[in-house]
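Colleague: Just the structure for this:
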Amino acid sequence: MKAVFSARNRAGSASQPVIGDVRRGRITVLITLLALLVLAALASLTVGAKPIPPDAVWSAITAPTGSEHDFVVRTLRVPRTVLGLGVGMALGVAGALMQGHTRNPLAEPGLLGVSAGAAFGVVVGIDLLGVTGLYGYVWFAFAGAFAASVAVFLLGSVGRGGPTPVTLALAGVALSALLTSLTSALVLSDVQTLDRFRFWAAGSVADRGADITWQVTPFLLAGLVLAALNAPGLNLLALGEEIARGLGVNVRRVRWTGLVAVTLLAGAAVAACGPIAFLGLVAPHVARHFTGPDHRWLLPASGLAGAVLLLAADVIGRVVVSPGELQVGIVLVFVGAPFFVALVRRRHRLVSL
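Modeller: Below is the predicted model of the structure:
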């Protein structure tokens, strides 16, 4: 017996340094992502059609004098950078939640019909109610995203088992196809609607004032809080539903909490900036490579990675076609499409083995 206890004590003492090393590594990852985010934000404030030195940016923020630099920084670039940070973080966290709940590495926020619902809401507002400004688009887009998510939840909950990853994915794909068809029918019937919708659907953080950021901030904050509350339950759910129930987890509550968080985060992001593809897919995989599958670390790392990627893509879009701009949604497609292909090929090789 003494030998057994001594062996267990040696094993426990040996595992402590390993756990400590993993934790320190994850903290280092978060600190590194924070540093990259600061650099990306600084680039977002300084780079553009009119380059502004960092000292002039600092002066415009802390002690404005009414100069042209002050106007560009305070009126255009600060709101744009803040919105990009919030939207990138929201899509990164939403993507990690979707991949965790569906157990599908190819899942992203649009799987719940959020993007298709938001697009349909915008088209309805433009075509039927004559909405012309971005401030109106935000509310119609969010209403459409929320209604689509609720419909997916209801369709996926039909049956004794309630909402499951498979039923939710199937319901999301079916509803997205339906809403996309309806959106196309409305857009093609009116050239003016097509022109306005095309501007929103490109996916961009440009020309979004501080008012839009304030409109979506409460939804983003609520979604982030729910995501943080969902992380421990999602870790247990990854062990399997039966094991999670045996450990006292309310599986239905964990599912609904995560899906409501995805709706709030992705709905607000799409409403403010339009559909931005691949960010919710790429950011969680980048974060998972460094943090592992523990959602208590994966979610904040995915949020930071999403914000860094979006701000970096926005800066690249300003540079490659200067003095014009390439929308951030288009830049991310060029980055995300090759990543998606590589991910599918890697999964195929693993399955064949």
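Colleague: Closest to the centroid, which residue in the protein?
Modeller: residue 91 (0.4 Å; Cα atoms, centre = their mean).
Colleague: close enough to count as contact, it and residue 278?
Modeller: No: here residue 91 does not reach residue 278: they are 9.5 Å apart, not a contact under Cβ atoms under 8 Å. Backbone N, C-alpha and C define where each C-beta goes, glycine included.
Colleague: returning to that earlier point: any idea how far the residue nearest to the centre of the chain lies from residue 174?
Modeller: Using Cβ to Cβ, to the nearest Å, one obtains 23 Å as the distance from residue 91 to residue 174.
Colleague: And for residue 60?
Modeller: Per Cβ to Cβ, residue 60 is found 50 Å from residue 174.
Colleague: quick one: contacts for the residue nearest to the centre of the chain?
Modeller: Under the criterion of Cβ atoms under 8 Å, 6 or more residues apart in numbering, the neighbours of residue 91 are 109, 265, 266, 269, 276, 279, 280, 283, 306, 310.
Colleague: would TSV of those residues with neighbour count, secondary structure and distance to residue 123 be doable?
Modeller: Output for those, formatted as TSV (neighbours: other Cβ atoms under 10 Å; DSSP: H, G, I helix; E, B strand; the rest coil; distance: Cβ to Cβ, whole Å):
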residue	neighbour count	secondary structure	distance to residue 123
109	31	helix	20
265	33	helix	22
266	32	helix	18
269	38	helix	18
276	32	coil	18
279	30	helix	23
280	33	helix	22
283	30	helix	28
306	31	helix	27
310	32	helix	25
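Colleague: Buried residues, stretch 174-182. List them.
Modeller: Neighbour-count burial for stretch 174-182, with 16 or more other Cβ atoms under 10 Å as criterion, is recorded at 175, 176, 179.
Colleague: quick check, nearest of those to residue 87?
Modeller: Of all those, the one with the least separation from residue 87 (Cβ to Cβ) is residue 176, at 20.4 Å.
Colleague: Relative to residue 183, how far out is that closest one?
Modeller: Taken as Cβ to Cβ, the spacing of residue 176 relative to residue 183 amounts to 10 Å.
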